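[1] Provided below for reference: sequence and predicted model.
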Amino acid sequence: MEFGIFVQGYVGKRAETDPEAEHKALMEETEYVIQADRSGFKYAWASEHHFLEEYSHLSANDVYLGYLAHATERIHLGSGIFNPLAPVNHPVKVAEKVAMLDHLSGGRFEFGSGRGAGSHEILGFFPGITDMNHTKELWEETIAEFPKMWLQDEYEGFQGKHWSLPPRKILPKPYGKSHPAMWYAAGSPSSYAMAGRKGLGVLGFSVQKVSDMEWVVESYKTAIKEARAVGDFVNDNVMVTSTAICAETHDKAVEIAVGGGLNYLQSLLFRYHDTFPRPEGIPEWPELLPEYSAEIIELLIQEELMICGDPSEVLAQCKRWEQAGADQLSFGLPIGISYEDTMNTIKLIGEHVIPEIDTDPVHRTTRFRQAAAD
């Protein structure tokens, strides 16, 4: 199993007391990615969200990832996601950004796509539309066109229901042979099998705990065995996200978690991601989850809903995800904890956890891409 981190420009309540909270959040998260690169993490994912106040201010993630391409050396940089729906980003512009970032990163870019985070975001770009399923049709129409834009000398053009383009040379082409690995952000369990049938990796932002993982990964792995890949190769990959706090002692990690504002982050998540299944006990916004006590944190650890503890405990918790079938575990770092504690989490996981689990020096997606190019 490989490791990654996930950043999204979360501001939260800090803006109430600090006029530079937005700037600090974005700059601190670049430092987290740079440290993750040094600490042996293989992937860093950056969100694309719009209109999601406090929850995510990382809207222009292509600009953000371009900076990180120069600031890092080994870590793969992924769009988590680029939205390829024509009213949001014209597909040709998305194809160009992917290829450009592939060059700037020296072949380290990962192309994650999706349809947005929920009704507040998605319907902002579709005035007059109330059916969220409308965007499925746009995504389905578009996703298979990207490999053609990258690999055909002159793209043959496209005439679809929602967008069109005459034959044109789409430039630049990706760096080297083939193209970046393609992923889909799965917001519901049924999306896993759909992605598998198309040969796409899954960005599993909707998986909450290890027991959720076991059956959705089975549906994905079954589907991908008979994939008709939309790209140049099958990206047999399931990435899942989990909160992670690692400290020198268990008690210190729990103390950090209690002060991390995790209840507010979770409340915002279900405020905006209203297409996700809503677990029992999650209140409707603006009502918030209660603040987490040490007892609640211990329960979340026990129920495998968060990774938290000293390095040996975190190692055991990560191995549970590996046993459940995750190909990549990506940490959404707790937003409310201090910069120093977050950097310490990254360093401790890099020193004590990753070397015990990820022993392959080559990225999984690199092997797939290289095989397609041979």
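    Perfect, I can see it now. In this text, all values refer to a predicted model and were calculated from it rather than measured experimentally. Residues are numbered from 1 along each chain as shown.
[2] do you know the pLDDT at Pro127?
    With respect to pLDDT, Pro127 has a value of 87.
[3] what about it, which SS state?
    coil (DSSP: H, G, I helix; E, B strand; the rest coil).
[4] that one: how many residues sit nearby?
    A count of nearby residues for Pro127, using other Cβ atoms under 10 Å, gives 7. In this view, the C-beta of every residue, glycine as well, is placed from N, C-alpha and C.
[5] quick check: phi and psi on it?
    phi -60, psi 140 (degrees, to the nearest 10).
[6] for Arg278, give me its contacts.
    Shown in contact with Arg278 (Cβ atoms under 8 Å, 6 or more residues apart in numbering): Phe270.
[7] make sure I have this right: it is in a strand.
    No. Looking at Arg278 with three-state DSSP, it is coil, so not inside a strand.
[8] looking at it now. What's its pLDDT?
    For Arg278, pLDDT reads 80.
[9] for Lys173, same thing?
    Predicted confidence (pLDDT) for Lys173: 98.
[10] where does it land in three-state SS?
    coil.
[11] what's around it, how many residues?
    18.
[12] wait, Cys308 touches Val314, no?
    Yes. Assessed by Cβ atoms under 8 Å, Cys308 is found in contact with Val314 at 7.5 Å.
[13] so for these two, which sits in the more crowded spot?
    Cys308 (26 against 23).
[14] beta partners of the more buried one?
    Ile245 (DSSP bridges).
[15] overlap of the contact sets of Cys308 and Val314?
    244, 246.
[16] count the neighbours of His120 for me.
    Around His120 there are 18 residues (other Cβ under 10 Å).
[17] gap between it and Pro84?
    Distance, His120 to Pro84, by Cβ to Cβ, to the nearest Å: 20 Å.
[18] one more: Val217?
    The value you get for Val217 to Pro84, if Cβ to Cβ is used, is 25 Å.
[19] who has more neighbours, the two?
    Pro84 (27 against 21).
[20] for that one, list the residues it contacts.
    When contacts are counted by Cβ under 8 Å, 6+ apart, Pro84 touches 91, 94, 113, 139, 142-143, 146.
[21] go again using 10 Å as the cut-off
    Pro84 sits next to 90-95, 98, 111, 113-115, 138-139, 141-143, 145-146, 163 when contact means Cβ atoms under 10 Å, 6 or more residues apart in numbering.
[22] of these, which belong to strands?
    111, 113 (DSSP state E).
[23] the contacts of Pro84 in helices, which ones?
    Among the contacts of Pro84, DSSP state H puts 91-95, 98, 138-139, 141-142, 145-146 in helices.
[24] which one is Leu288 nearest to, not counting chain neighbours?
    Leaving aside its sequence neighbours, Leu288 sits nearest to Ser267 (Cβ to Cβ, 6 or more residues apart in numbering; 4.5 Å).
[25] also Asn263?
    Per Cβ to Cβ, 6+ apart, closest to Asn263 is Leu289, 4.1 Å.
[26] assign a three-state SS to that neighbour, would you?
    coil.
[27] just the pLDDT for it.
    94.
[28] now do the strands in the stretch 201-350 of the chain.
    201-204, 238-246, 307-309, 328-332 (DSSP state E, counting those that start in this stretch).
[29] dump the ones you listed into TSV; add distance to Met343 and mean pLDDT as well.
    Shown next, in TSV, are the strands of the stretch 201-350 of the chain (distance: least, Cβ to Cβ, whole Å; pLDDT from 0 to 100):
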stretch	distance to Met343	mean pLDDT
strand 201-204	24	96
strand 238-246	11	95
strand 307-309	17	97
strand 328-332	13	96
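[30] which one of these lies closest to Val230?
    For these, the distance to Val230 is smallest for strand 201-204, at 12.0 Å, taking Cβ to Cβ.
[31] give the buried residues for stretch 54-62.
    Across stretch 54-62, burial judged by 16 or more other Cβ atoms under 10 Å covers 54-58, 61-62.
[32] what do you get for stretch 236-249?
    236-247.
[33] can I get the residues you listed in TSV with distance to Gly12?
    Shown next, in TSV, are those (distance: Cβ to Cβ, whole Å):
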residue	distance to Gly12
Asp236	36
Asn237	30
Val238	29
Met239	24
Val240	23
Thr241	18
Ser242	19
Thr243	14
Ala244	18
Ile245	16
Cys246	21
Ala247	21
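[34] look up phi and psi at the most centrally placed residue in the chain.
    Closest to where the C-alpha atoms of the chain average out (Cα atoms, centre = their mean) is Gly80, at 4.0 Å. Note on Gly80: its backbone torsions stand at phi -120, psi 50 [degrees, to the nearest 10].
[35] okay, and the beta partners of the closest residue to Val98 other than its chain neighbours?
    What sits nearest to Val98 in space, not counting adjacent residues and going by Cβ to Cβ, 6+ apart, is Phe111, at 4.9 Å. Listed by DSSP bridges, the beta-bridge partners for Phe111 are Met182.
[36] surely Phe111 and Leu101 touch.
    Yes. The pair Phe111 / Leu101 is scored as a contact, 8.7 Å apart, by Cβ atoms under 10 Å.
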